[in-house]
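Trainee: build me a structure from this.
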Amino acid sequence: MATAETTASKPAESEPLAADLLAWYDEHARTMPWRIGPAHTKAGHRPDPYHIWLCEVMAQQTQLGTVVDYFEKFTARWPDFNSLAAAGTDEVLAAWAGLGYYSRARNLKRCAQIVACEHDGRLPHDVDALRALPGIGEYTAAAIAAIAFDAPVAVVDGNVERVIARLHAIDEPLPGARARIRSYVTDMLDPVRPGDFAQAMMDLGATVCRPKAPMCLICPIRADCAGFARGDPETFPIKAAKKPKPTRRGAAFVAVNARGEVFLRRRPEKGMLGGMMEPPTSDWSARADGETGIAAAPFDAAWRAAGEVRHTFTHFHLELSVHAGRVSGDGAGDGRWVARANLPAAGLPTLMKKVVEAALPGTFPDQAKASK
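Mentor: Down below sits the predicted model:
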């Protein structure tokens, strides 16, 4: 979990370091669709807060390369808080499908509604006010405040943790070292260009101070880097040993009627993949297995085994035994029948695309390999 801290004053010795970093950023800043570039921010212009909020929420637990496509589709369809607030929840969930962590999509919609209704369509500038909004935690509030509003707050994501851990050769393992890292970032923060400083730190970690094979010879702050001086920057940050992920099991049932339509139902709002559409599955969770056999089927059908899919969540692996079946009528319970050709637009999460592909090959060909 990343953190933020307001800086009251910046020690004089941090000024050259921040200046070197910002000079590098002015020349090497990554081009992102939500950024306006350092030249514009130096001239007093600010990026659209809606864009910064949207990209930061999307980037939680998601690679930026994946975020770009979703960001461009979202902003083309919903260009501001008011338009997103007016959108249907199902529309937003469908557009989010594939990004994972679907509670983010529900919080995104709720946050847009609050901003539209209670803040006249404008994000508040204050970190505490931002944190009071759905889906905005400590890191996201700091990032929005710094980048969108140039607030003098320290922004610490995984990239920044790595830069600081190497810069100071911090030998305390994460997550215990995070308070110390936050303190270093606070001391180093440039109060004149805090938004650019935050993005410069992120860019440095993403493109130069990489997890593997850091490009130290082109790093603008290598002269001050203790990890570089030691000759072992990749040693840092030191991470506590991870516990092995458990594997949970369950079953999924892909039913097809006489018209070739597939039965889908909505998952409960709370829990994994909350509120998303799915072919029926047994009652699996992060903490417990579900039934894996045909006895767990939600209704009678000519079920047959259709293979197995594997999917990895943050804290566990999931293996689902897939069963395909044909039914003669439409009395399949609470749900709806969807034409096979319309399944790509049904907003199925990645796991459920894998399930459908196992039962009906060719429906989601991009998921065929991912299910193995």
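Trainee: could you measure from C117 over to A85?
Mentor: The gap separating C117 from A85 is 7 Å, by Cβ to Cβ, to the nearest Å. C-betas here are computed from N, CA, C, even on glycine.
Trainee: show me where pLDDT drops low in this protein?
Mentor: 1-14, 331-332, 368-372 (pLDDT under 70).
Trainee: so it: which segments form each domain?
Mentor: The chain breaks down into these domains under automatic domain parsing: 12-235, 247-367.
Trainee: the more surrounded of C117 and A85?
Mentor: A85 (18 against 12; other Cβ atoms under 10 Å).
Trainee: could you point out which element follows whichever strand or helix holds the more buried one?
Mentor: Applying DSSP states H and E as the criterion places A85 in helix 81-86. Once the chain leaves helix 81-86, the next helix or strand it forms, by DSSP H and E, is helix 89-96.
Trainee: that following helix: which residues count as buried?
Mentor: Applying a neighbour-count criterion of 16 or more other Cβ atoms under 10 Å, one finds 92-96 buried in helix 89-96.
Trainee: swap in stretch 242-253?
Mentor: 248-253.
Trainee: same deal with stretch 158-167?
Mentor: 159-167.
Trainee: over to stretch 215-234?
Mentor: Neighbour-count burial for stretch 215-234 [16+ other Cβ under 10 Å]: 216, 219-222, 224-225, 227-228, 233.
Trainee: next: stretch 26-43.
Mentor: Buried residues in stretch 26-43 (16+ other Cβ under 10 Å): 26, 29, 32, 34-35, 37-38, 41.
Trainee: hmm, A165 and A226 touching each other?
Mentor: No: contact criterion Cβ atoms under 8 Å: A226 and A165 do not qualify, at 9.8 Å.
Trainee: any idea how far P211 is from the residue nearest to P38 when sequence neighbours are not counted?
Mentor: Among residues not flanking P38 along the chain, D26 sits closest, at 4.9 Å (Cβ to Cβ, 6 or more residues apart in numbering). Going from D26 to P211 by Cβ to Cβ gives 25 Å.
Trainee: how far does stretch 54-66 sit from its chain's centre?
Mentor: Counting by Cα atoms, centre = their mean, to the nearest Å, stretch 54-66 is centred 4 Å from the centre of its parent chain.
Trainee: equivalent analysis for stretch 281-293, please.
Mentor: So, by Cα atoms, centre = their mean, the centroid of stretch 281-293 is 25 Å from its chain's centroid.
Trainee: show me what that stretch is in contact with.
Mentor: 248-253, 271-272, 296, 313, 315-316, 318, 320-321, 355 (Cβ atoms under 8 Å, 6 or more residues apart in numbering).
Trainee: need the distance between the two termini of it.
Mentor: End-to-end distance for stretch 281-293: 11 Å, by Cα to Cα, to the nearest Å.
Trainee: got it, and stretch 210-223?
Mentor: 17 Å.
Trainee: can you convert the domains of the chain into a markdown table and add a column each for distance to A241?
Mentor: Output for the domains of the chain, formatted as a markdown table (distance: least, Cβ to Cβ, whole Å):
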| stretch | distance to A241 |
| --- | --- |
| domain 12-235 | 9 |
| domain 247-367 | 15 |
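Trainee: and the residue of the chain positioned farthest from its centre, how close does it get to V338?
Mentor: Largest separation from the mean C-alpha position in the chain: S328, at 41.3 Å (Cα atoms, centre = their mean). Using Cβ to Cβ, S328 is found at 18 Å from V338.
Trainee: repeat for D224
Mentor: Taken as Cβ to Cβ, the span from D224 to V338 is 58 Å.
Trainee: quick check: beta-bridge partners of the nearest residue to M352 once chain neighbours are set aside?
Mentor: In space, M352 comes closest to E278 once its chain neighbours are excluded; the distance is 4.7 Å by Cβ to Cβ, 6+ apart. Taking DSSP bridges as the rule, E278 bridges to R265.
Trainee: what's the first helix or strand after the lengthiest helix in the chain?
Mentor: Ranked by residue count, the top helix of the chain under DSSP state H comes out as helix 103-118. Using DSSP H and E, the helix or strand that follows helix 103-118 in sequence is helix 127-131.
Trainee: ok, residues contacting that next one?
Mentor: 4, 6, 123-124, 136-138, 140-142, 144-145, 151, 153.
Trainee: show me what whichever helix or strand comes after that helix is packed against.
Mentor: Following helix 127-131 in sequence order, the next helix or strand is helix 138-149 (DSSP H and E). Applying 3 or more Cβ pairs under 8 Å, 6 or more residues apart in numbering; DSSP states H and E, one finds that helix 138-149 contacts helix 49-58, helix 127-131, helix 194-207.
Trainee: quick check: angle from the last one to helix 49-58?
Mentor: Translated: helix 194-207. 30 degrees (axes from the mean of the first three to the mean of the last three Cα atoms, to 10 degrees).
Trainee: all strands for the stretch 151-300 of the chain, in order.
Mentor: 247-256, 261-266, 277-278 (DSSP state E, counting those that start in this stretch).
Trainee: got those strands as CSV, with distance to A345 columns?
Mentor: Shown next, in CSV, are these (distance: least, Cβ to Cβ, whole Å):
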stretch, distance to A345
strand 247-256, 17
strand 261-266, 12
strand 277-278, 11
